[in-house]
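Participant: Quick one: sequence plus predicted model below, questions after.
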Amino acid sequence: MSPASKLFLTSTKVMISCLAMLTWQSPIGTQAAETQRVPQGQPLQNTFESIFDGKTLNGWKASPQGSEDAWQVVDGVIQGTGGEIRGYLNYAGNEDIADMELKFSYRFLTNGNSGVSIRAIPDPTKKRHFQAYHADLGHLGIGKQVLGAWDFHTPGRTEHRCFRGDRLVINANDQARITPIKDGLQDTDIHRGKWNKVHIIARDNHFILYINGKVASEFTEYLPNNKRLKRGMLQFQLHDPGMVVEFKHIRLKVLD
């Protein structure tokens, strides 16, 4: 082989090697990139802390005053019984939560209306006990305006519709746009009188409610900061007199 041919062959091998290095991706790098491309609203894979010991209500407190008898631990679960006063059970371990994920299971032993309030603060207008973003729960059959909905217990701004199946966006002028959630939670996904699993994600201005692994409702708000709730308490609610609801496996991940 002539010197010129040897030089050409060597140059060709170097070019092929360089192209291979440019086009090859490390499996580790590819996996990391895929991990970062998690669609917005998907449950996050983090470690959760149990906030109910399964035996007592240590770390929890009832409100308003006089509603303490509405809450008790029965057979390892928290049981709430509605009275004449609309009652709440506040998580006292951290009363200043902003971004978070919450997981728990619930079941209704009667008909009723319950739910979880997040970023709750005492209502200075006195129109309600608390201002909050409220993830609604109710017995099967109560309707999509309650079971799987979001409520806005926020005097001074519009309480927009965000029923089960709704994806709501609130712009800076407090105007709403609602689109349907594809493959979202249906009545047939709820276990009547049995345990149902809830996953709530609240990150900055984006809030999503899952029940039994399906999106129930979701909203994003772009209101000015003075009209938004930034931090506050986590609460379970008793809405109706005589209702009985139970909660267990309550786990919290604070993200802020």
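Facilitator: Cool, got the structure.

Participant: The stretch 51-200 of the chain: helices as residue ranges?
Facilitator: When secondary structure is read from DSSP state H, counting those that start in this stretch, the stretch 51-200 of the chain shows no helices.

Participant: Phi first, then psi, for the closest residue to Val244 other than its chain neighbours.
Facilitator: If you skip the residues right next to it in sequence, Val244 has Leu109 as its closest partner in space, 4.2 Å away by C-beta to C-beta, 6 or more residues apart in numbering. For the C-beta atoms, the positions are set from N, CA and C on the backbone; glycine is no exception. For Leu109, the backbone dihedrals (degrees, to the nearest 10) come out as phi -90, psi -10.

Participant: what residues are up against Leu109?
Facilitator: With contacts defined as C-beta atoms under 8 Å, 6 or more residues apart in numbering, the neighbours of Leu109 are 193, 244-246.

Participant: likewise Phe52?
Facilitator: When contacts are counted by C-beta under 8 Å, 6+ apart, Phe52 is found next to 59-60, 78, 247-250.

Participant: Hmm, Arg228 is touching His206, no?
Facilitator: No: in this structure Arg228 lies outside contact range of His206 using C-beta atoms under 8 Å: 11.8 Å.

Participant: any idea which residue sits dead centre in this protein?
Facilitator: In the chain, the C-alpha nearest the mean C-alpha coordinate belongs to Ile200, at 1.5 Å (C-alpha atoms, centre = their mean).

Participant: Give me the nearest residue to that one, chain neighbours excluded.
Facilitator: Leu102 (4.5 Å).

Participant: just Glu84 next, same as before
Facilitator: In space, not counting the residues next to it along the chain, Glu84 is nearest to Pro241; the distance is 5.8 Å by C-beta to C-beta, 6+ apart.

Participant: Next up, phi/psi of the one you found, please.
Facilitator: The phi and psi torsions at Pro241 (degrees, to the nearest 10) take the values phi -60, psi 140.
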